[in-house]
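**Student:** Give the three-dimensional model of this entry:
(one chain, ligands or ions: 1)
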Amino acid sequence: MSEGDQQRQLHGQGIPGLQNESAGAVGASYGSSGINGSNGINGSSGINGPSPASVDISKIVSESDGSVSGISKNLFDQAVLGNPYFAAGGGLMFLGGALALMKSSITRGAGFAYRQMIVDLEISSKDRSYNWFLAWMSQFEGRMSRHLAVETNYAQRKNGSVETDFSLVPGPGNHLLKYKGAYMFVKRERSGKLLDMHSGSPFETVTLTTLYRDRNLFKEILNESKRLALKASEGKTVIYTPWNKDWLPFGQPRSKRLIDSVVLDKGIKEQILEDVKSFLKNGKWYHERGIPYRRGYLLYGPPGSGKTSFIQALAGELDYDICLLNLSEANLTDDRLNYIINHIPARSILLLEDIDAAFNQRAATSEQGYTSKVTFSGLLNALDGVTSAEEIMTFMTTNHPEKLDPALLRPGRVDFKVLIDNASEYQVQQLFMRFYPGEIEKCNEFMKKYRALHLETPISTAALQGLFVYNKHNPDGAVKMIEVLTDPNHSF
Ligand SMILES: Nc1ncnc2c1ncn2[C@@H]1O[C@H](COP(=O)(O)OP(=O)(O)OP(=O)(O)O)[C@@H](O)[C@H]1O
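**Tutor:** I've put the predicted structure just below:
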């Protein structure tokens, strides 16, 4: 197409309005083309008005390089960019875009600043420090709480009496505390999920938020909470039971049972104590020889002979806690058993009570849908798999050792077996003197009658204790009532 043709075409079939005269020049259009301006949407050169911008085609052509693309570009520059409507819309778009950008930058900036300046600590109720923290906060003076929750505890006093303690812990919601000059925002939240099916306790979290520079205070608070919790259990034995994959204290720590309060037949207590102490002293010996540092004890004998009481007293004597595991627990699986046995809190004795019952009961009731999923081989694997650097002492008790599978009794699983029997004469005498100190004559009288009874079935130490507790401060009463021991069904 020749230059003349191009010019003709542009003049003849140009964009309508391009040839019209318009007041709006590109430079002026920005100033006067506001929404209500003369060239605006409602202005005289509005959408329905005359054509807004004039374009000098001959100028476009002369300024272009003569090619179609060059002419088109110039045409676009003048027609579009020079158009005040486009210019006004573009201005608004630009302004809107800039504002949106600014807003998102501010949001992102604030988020960034928040992340840089603020730090959170989440403690879930699965963690042992959860209750420590709540107990700490209930006693902390610098707290500002409007929602409190009551926690009722039964604390055992030194004289053995049990008293009720109420502590006001922070309830679900928001709280504020000022610790060492730093403010912390504390949020306790409950989720719909249950932490424990039996107790129905919900899964919870506590989140502490503070300035980044104060983050070290989190550790200080946790350490203080731990110290406070340990102080509360000082001189006491904590009984742990498994909760999901962790061991949590079951009830309040109990006063230590004194080892002298358990009367076993002559020499038995000393024998077990000596073995345990020698085991605890020889960690290095085990490690050097690559032998797993664990030892299994089996206490067997009739009911009420003091097996459990002795283990509790032993824990108190060693200043250990007890991890009590019930193998018949409905939702215990082999995997979970393996995990929890390998994650016992430090300085704890693992106690498996009535070890025979777990598997016998399962066999007897499997048809009725017994749900325990622990298998006997699962238990053996869990016991064998304990690979802790810390010592592991497992105590098992049973009334029926004859029912136990020999596989459980092999060394490495059970290293020390001992019969804790019904009361021997030695034990009767010892128990009498413990209950009635200094009453030697009465004791002799009691023993004389005791021998004369010719008890066909030996009596349990638990039954003897029942007689003495009934006649607390009355040794005469105990002597007079001794015949009740011949009646196995007698209850005090
Ligand atoms: N040898 C003992 N010395 C002191 N108290 C004893 C003794 N035996 C039993 N008792 C008392 O009898 C009660 C029951 O004892 P314990 O639960 O320790 O017996 P057990 O042998 O573990 O019984 P079971 O086999 O039925 O579990 C406890 O209150 C305990 O104080």
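
**Student:** Just checking stretch 303-321 against the ligand, any contact.
**Tutor:** Yes: in terms of CB under 6 Å from any ligand atom, part of stretch 303-321 sits within range of the ligand, namely 303-309. C-beta here means a position set from N, CA and C on the backbone, and glycine is covered the same way.

**Student:** If you count neighbours, what's buried in that stretch?
**Tutor:** For stretch 303-321, a neighbour-count test (16 or more other CB atoms under 10 Å) marks 304-318, 320-321 as buried.

**Student:** Sitting in strands, which of those residues do you find?
**Tutor:** residue 321 (DSSP state E).

**Student:** and the gap between the residue nearest in space to the middle of the chain and residue 170?
**Tutor:** Per CA atoms, centre = their mean, the C-alpha nearest to the average position across the chain is that of residue 126, at 1.4 Å. The gap separating residue 126 from residue 170 is 18 Å, by CB to CB, to the nearest Å.

**Student:** could you dump stretch 221-231 to CSV, C-alpha only?
**Tutor:** Listed next in CSV are the C-alpha coordinates belonging to stretch 221-231 (Å, rounded to 0.1, in the frame of the first residue of the first chain):
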residue,chain,number,x,y,z
ILE,A,221,8.8,-20.0,83.8
LEU,A,222,8.9,-23.7,82.9
ASN,A,223,11.8,-24.3,85.2
GLU,A,224,10.0,-22.5,88.0
SER,A,225,6.8,-24.5,87.3
LYS,A,226,8.8,-27.7,87.4
ARG,A,227,10.5,-26.8,90.6
LEU,A,228,7.2,-26.0,92.2
ALA,A,229,5.7,-29.4,91.1
LEU,A,230,8.7,-31.3,92.3
LYS,A,231,8.5,-29.5,95.6
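
**Student:** List the buried residues of that stretch.
**Tutor:** 221-222, 224-225, 228-229.

**Student:** again with stretch 428-435
**Tutor:** Buried-residue list, stretch 428-435, by 16+ other CB under 10 Å: 428-432, 435.

**Student:** wait, does it contact the ligand?
**Tutor:** No: judged by CB under 6 Å from any ligand atom, stretch 428-435 and the ligand are separated, with a smallest distance of 6.6 Å.

**Student:** Now do that stretch: everything it contacts.
**Tutor:** With CB atoms under 8 Å, 6 or more residues apart in numbering as the test, stretch 428-435 has contacts from 260-261, 263, 423, 439-440, 442-443, 446-447, 450, 461, 464-465, 468-469, 472, 475, 478.

**Student:** repeat for stretch 313-326
**Tutor:** Residues contacting stretch 313-326 (CB under 8 Å, 6+ apart): 237-242, 247, 250, 256-259, 261-262, 272-273, 276, 280, 311-312, 332, 337, 340-341, 344-345, 347-353, 358, 393.

**Student:** Same question for stretch 399-408.
**Tutor:** For stretch 399-408, contacts defined as CB under 8 Å, 6+ apart pick out 298, 300-303, 354-356, 359-360, 376, 379-380, 398, 413-414, 417.

**Student:** can we see that at 10 Å?
**Tutor:** 296, 298-305, 307, 354-357, 359-360, 376-377, 379-380, 383, 396, 398, 409, 413-414, 417, 419 (CB atoms under 10 Å, 6 or more residues apart in numbering).

**Student:** Looking at those, which are in helices?
**Tutor:** Among the contacts of stretch 399-408, DSSP state H puts 307, 355-357, 359-360, 376-377, 379-380, 383, 409 in helices.

**Student:** and those residues, which are buried?
**Tutor:** Looks like the ones in helices among the contacts of stretch 399-408 have 307, 355-357, 359, 376, 379, 383 buried, using 16+ other CB under 10 Å.

**Student:** Nearest to residue 119, out of those residues: which one, please.
**Tutor:** residue 383 (42.9 Å; CB to CB).

**Student:** Now that closest one. Nearest residue, chain neighbours left out?
**Tutor:** Closest residue to residue 383 apart from its sequence neighbours, by CB to CB, 6 or more residues apart in numbering: residue 413 at 5.2 Å.

**Student:** Tell me which residues touch the one you found, please.
**Tutor:** 294, 296, 298, 379-380, 383-384, 394, 396, 407.

**Student:** Same question for residue 149.
**Tutor:** 134, 138, 167-173, 188.

**Student:** now swap in residue 458 and tell me
**Tutor:** With CB under 10 Å, 6+ apart, residue 458 has these contacts: 302, 305, 421-424, 485.

**Student:** Around residue 450, count how many other residues there are.
**Tutor:** By other CB atoms under 10 Å, the residues close to residue 450 number 20.

**Student:** repeat for residue 473
**Tutor:** By the criterion of other CB under 10 Å, residue 473 has 7 neighbours.

**Student:** That one belongs to a strand?
**Tutor:** No: going by DSSP: H, G, I helix; E, B strand; the rest coil, the assignment for residue 473 is coil, not a strand.

**Student:** 273 is where my numbering starts, stick with that
**Tutor:** Fine by me, first position is 273 from now on; the one you just mentioned is residue 745.

**Student:** so what's residue 526 bridging to?
**Tutor:** residue 509 (DSSP bridges).

**Student:** need the buried residues of stretch 700-707 in TSV with secondary structure and pLDDT, can you?
**Tutor:** Shown next, in TSV, are those (DSSP: H, G, I helix; E, B strand; the rest coil; pLDDT from 0 to 100):
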residue	secondary structure	pLDDT
700	helix	95
701	helix	95
702	helix	96
703	helix	95
704	helix	96
707	helix	96
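
**Student:** Can you tell me which of those residues is closest to residue 456?
**Tutor:** Checking the buried residues of stretch 700-707 one by one against residue 456 (CB to CB), the nearest turns out to be residue 707, at 53.9 Å.

**Student:** Distance-wise, check that closest one relative to residue 522.
**Tutor:** For residue 707, the distance to residue 522 (CB to CB) stands at 29 Å.

**Student:** same thing with residue 446?
**Tutor:** 31 Å.

**Student:** can you check residue 592 too?
**Tutor:** Residue 592 is 15 Å from residue 522, by CB to CB.

**Student:** can you give me how far stretch 682-702 is from the chain middle?
**Tutor:** Relative to its chain's centre, stretch 682-702 lies at 39 Å (CA atoms, centre = their mean, to the nearest Å).

**Student:** and it, how far apart are its ends?
**Tutor:** Terminal residues of stretch 682-702 lie 34 Å apart, using CA to CA, to the nearest Å.
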